[in-house]
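Asks: Only the shape, not the letters, is given here:
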């Protein structure tokens, strides 16, 4: 029985001597995808043009003439419509603000317009999102798992020290909250964030300005302002936070 003629995956008939299983077009396409081949070609072109500056200049001139003769900028301008501009703007927004919850993107832009840096505004938005998620989880009866590494049974008695007010207040809040990890830093566990807000509120009640708190805590003044707003919101609706602030203030 006669054997079936060989064909490429694209359907092109292959000659009897073909051993690659691909037609010429598919073979070239496959070679062009090979990273090693692409790298060798690039290096060869670079060496050639380095050794032949006239050839490079001729190629540049050829491209310039094609651009001018074909008036490619006009074709590009005609292809840009209002819809394409809007589509491009949406794509750039989605790419650049992929980290930001859609419902908070307007607030992020408002912060930027109020002279917050992009880094500060991002930190504030992420904190706001976490606060929103805590309220949502509480509304459905879900309890956040607490990182046990930041908690331990508090000592039987708190011993006041003669340290400056910032250190004393921080120590008092850590004692009341039963925390062992430093509350100032980049960590975002819920107990640590709540403790920071409590310290900010106590220092503010003691007459400290946002700038003073920021300098001692190593934060930006605007971040302190945000923390105080969060503390005020929790004082309105979080009895546990109120109790922590009041108890720490009595120590």
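Replies: Arrived safely. Since we're looking at a predicted model, the values are computed, not measured. Numbering: from 1, shown residues only.

Asks: out of everything not next to it in sequence, what's closest to residue 107?
Replies: Nearest-residue entry for residue 107: residue 125, 6.5 Å, with adjacent residues in sequence omitted and distances by C-beta to C-beta, 6 or more residues apart in numbering. Where C-beta positions appear, they are placed from N, C-alpha and C, glycine not excepted.

Asks: where's that neighbour relative to residue 131, distance?
Replies: 11 Å (C-beta to C-beta, to the nearest Å).

Asks: So those two - more neighbours on which side?
Replies: Legend: neighbour count by other C-beta atoms under 10 Å for residue 125 and residue 131, higher for residue 125 (21 against 16).

Asks: check contacts around that one.
Replies: Shown in contact with residue 125 (C-beta atoms under 8 Å, 6 or more residues apart in numbering): 100-101, 104, 107-108, 111.

Asks: neighbouring contacts of the least confident helix or strand in the chain by mean pLDDT?
Replies: Ranked by mean pLDDT, DSSP states H and E, the weakest helix or strand in the chain is helix 72-79, scoring a mean of 72. Outside helix 72-79, the residues within contact range by C-beta under 8 Å, 6+ apart are 66-67.

Asks: buried sites along it?
Replies: Within helix 72-79, no residue qualifies as buried by neighbour count (16 or more other C-beta atoms under 10 Å).

Asks: Now residue 235: closest residue in space, sequence neighbours ignored.
Replies: Going by C-beta to C-beta, 6+ apart, residue 235 has residue 242 as its nearest residue, at 5.6 Å.

Asks: what's whatever helix or strand the one you found lives in in contact with?
Replies: Here residue 242 sits within helix 239-250, counting by DSSP states H and E. Residues outside helix 239-250 that contact it (C-beta under 8 Å, 6+ apart) are 169, 172-173, 175-177, 194-195, 197-198, 201-202, 205, 231, 234-235.
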